[in-house]
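# Sequence unavailable; structure follows:
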């Protein structure tokens, strides 16, 4: 069984940790630098929708806290990074709910705008602030933003994922080093500071999965085509 996931994305972190500190009975491929398509795919629901595959279904959703809401929430404009990223779709979701608009810019500019009276949505690795996911929860729109998308029985992946979540909580320093090294994106120091925030939660509840489809189809209609 081949499992593919973006090692630079928080969706992959529990499996990266389980691979080293626990046990996984499958091959794990980094979709950031490989074209191999897993029998089981981990990614954001928006990326999965844009690369929808015949015979695949969403078998689980992942709640994970990974975005900061920075600056003035009364601002009518939200600054975030490039279009088509999960940060962008989350910004557009929040904008749709609250009657704002979105401007895509650089990370540096988004942070600058937040410090000068504007509003920005960025990854917590850039700066920790009020969590976007907590704000969405208050508004009734919190849903799994990442999913496990599979064409086969994925029980072994789900078991390994749960083990990885436990290990991330119990062995934070070791997990931070593993994630930093495998992702080739986060420094170990930054990961040590933010690893406790992510709070990954796996769900196989069909209502949660359908809510994820309903919520994210508001900003990417292709999401509606996904099956659970």
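Good, I have the coordinates. Note that the coordinates shown come from a computational prediction; the quantities given were computed from them, not determined experimentally. Numbering: from 1, shown residues only.
# can I see the domain layout of the chain?
Domain assignment for the chain, taken from automatic domain parsing, gives 2-64+145-225, 67-139.
# from the middle of its chain, how far away would the shortest one be?
In terms of Cα atoms, centre = their mean, to the nearest Å, the centre of domain 67-139 is set 15 Å apart from its chain centre.
# and the longest strand that the chain contains, which residues are buried?
Across the chain, the longest stretch assigned as strand under DSSP state E is strand 57-63. By 16 or more other Cβ atoms under 10 Å, the buried positions in strand 57-63 come out as 58, 59, 60, 61, 62, 63. Any C-beta I mention is one placed from the backbone N, CA and C, and that applies to glycine too.
# so what pLDDT did the nearest residue in space to the last one that is not next to it in sequence get?
In other words, residue 63. Closest residue in space to residue 63, ignoring its immediate chain neighbours: residue 201 at 4.2 Å, by Cβ to Cβ, 6 or more residues apart in numbering. Looking at residue 201, its pLDDT is 98.
# Go ahead and confirm residue 201 touches residue 14.
No: between residue 201 and residue 14 there is no contact under Cβ atoms under 8 Å: 10.4 Å.
# So which of these two has more stuff around it?
residue 14 (28 against 14; other Cβ atoms under 10 Å).
# Assumed that one was part of a helix.
Yes: note on residue 14: a helix contains this position according to DSSP: H, G, I helix; E, B strand; the rest coil.
# Go ahead and confirm it touches residue 164.
Yes: counting by Cβ under 8 Å, residue 14 touches residue 164, with 2.8 Å between them.
# Need the overlap of contacts for the two.
Contact criterion Cβ atoms under 8 Å, 6 or more residues apart in numbering; residues shared by residue 14 and residue 164: residue 200.
# quick one: residue 57 from residue 3, how far?
Counting by Cβ to Cβ, to the nearest Å, the separation of residue 57 from residue 3 is 15 Å.
# Setting the sequence-adjacent residues aside, check what's closest to residue 42.
residue 5 (3.7 Å).
# And the strands in this protein?
Going by DSSP E, the chain shows strands at 2-5, 27-30, 40-44, 57-63, 67-71, 77-80, 101-104, 119-123, 130-131, 146-150, 201-203.
# Report the buried residues of the lengthiest helix in the chain.
Scanning the chain for the longest helix, with DSSP state H as the assignment, gives helix 155-170. By 16+ other Cβ under 10 Å, the buried positions in helix 155-170 come out as 156, 157, 158, 160, 161, 162, 163, 164, 165, 167, 168.
# Specify which member of those is nearest to residue 52.
Of all the buried residues of helix 155-170, residue 157 has the smallest distance to residue 52: 19.4 Å, by Cβ to Cβ.
# export the strands of the chain to TSV and tack on distance to residue 172?
Listed next are the strands of the chain as TSV, based on distance: least, Cβ to Cβ, whole Å:
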stretch	distance to residue 172
strand 2-5	21
strand 27-30	21
strand 40-44	21
strand 57-63	19
strand 67-71	20
strand 77-80	28
strand 101-104	33
strand 119-123	19
strand 130-131	18
strand 146-150	21
strand 201-203	17
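# what residues do residue 201 and residue 14 have in common as contacts?
Counting by Cβ under 8 Å, 6+ apart, the residues touching both residue 201 and residue 14 are residue 165.
# What separation is there between residue 156 and residue 150?
Taking Cβ to Cβ, one finds residue 156 at 11 Å from residue 150.
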